[in-house]
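Undergrad: no sequence on this one, just coordinates:
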């Protein structure tokens, strides 16, 4: 850029898009600490550095913001996913669980918030189309990994991969919710204990 050139001004649409992203990022932070239903739109605006009324102006209602936030979280989660190197053991599953329970790991914030949302007992958020599709894909991926493990010989032959994949997701979500709602529970240690239970249940001895 030449010295006398002025920076190009952003359009109104670009400014709104940038502001919405800041609100979504703030929403992710609040959801990771309080759950998706645990904060108000006014809190959201304040944390994002805007007026307390801006989120309501942009999104209209908390329900609409939540739907948009879930879509944002899933998109960011998918964009940040690393393709794991194929291994004939359960190390990938173990690493995923360890990171999900490490609340200090900023890189895992999107997966952690997704698990918090999935663990909601009201079932309200599972009605969101994007979340339902994400949940089904995740279960299918775990089921496929379990089937491959049975073929490779490191997972027991007598398990039901379809059933176990669903049990794993439900168990992880429930335990994460328990760890986050009780100050007496160490999330990291809880994750390690859960890993032991899972390995003892499906791994070939």
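TA: Nice, thanks for sending it over. No experiment lies behind these values; they were computed from the predicted model shown.
Undergrad: and residue 69, what does it touch?
TA: 24, 27-28, 31, 36 (Cβ atoms under 8 Å, 6 or more residues apart in numbering). Just so you know, the C-beta spots here come from the backbone N, C-alpha and C atoms, and that holds for glycine as well.
Undergrad: same thing but 6 Å
TA: Applying Cβ atoms under 6 Å, 6 or more residues apart in numbering to residue 69 gives the contacts 24, 27.
Undergrad: tell me which element it falls in.
TA: helix 62-80 (DSSP states H and E).
Undergrad: pull out the buried positions in that helix.
TA: 62, 65-74, 76-77 (16 or more other Cβ atoms under 10 Å).
Undergrad: and those as TSV, adding pLDDT and distance to residue 136?
TA: Shown next, in TSV, are the buried residues of helix 62-80 (pLDDT from 0 to 100; distance: Cβ to Cβ, whole Å):
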residue	pLDDT	distance to residue 136
62	94	26
65	96	24
66	93	20
67	92	18
68	94	21
69	94	20
70	91	15
71	92	16
72	93	19
73	90	16
74	88	12
76	86	19
77	81	15
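Undergrad: could you dump the residues you listed into a markdown table and include distance to residue 170?
TA: Output for these, formatted as a markdown table (distance: Cβ to Cβ, whole Å):
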| residue | distance to residue 170 |
| --- | --- |
| 62 | 26 |
| 65 | 27 |
| 66 | 22 |
| 67 | 23 |
| 68 | 26 |
| 69 | 23 |
| 70 | 19 |
| 71 | 23 |
| 72 | 24 |
| 73 | 20 |
| 74 | 19 |
| 76 | 24 |
| 77 | 19 |
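Undergrad: out of those residues, the closest to residue 42 would be?
TA: residue 62 (10.2 Å; Cβ to Cβ).
Undergrad: the residue nearest to the closest one when sequence neighbours are not counted: neighbour count?
TA: Nearest non-adjacent residue to residue 62, counting by Cβ to Cβ, 6 or more residues apart in numbering: residue 41, 5.6 Å away. Close neighbours of residue 41, defined as other Cβ atoms under 10 Å, add up to 21.
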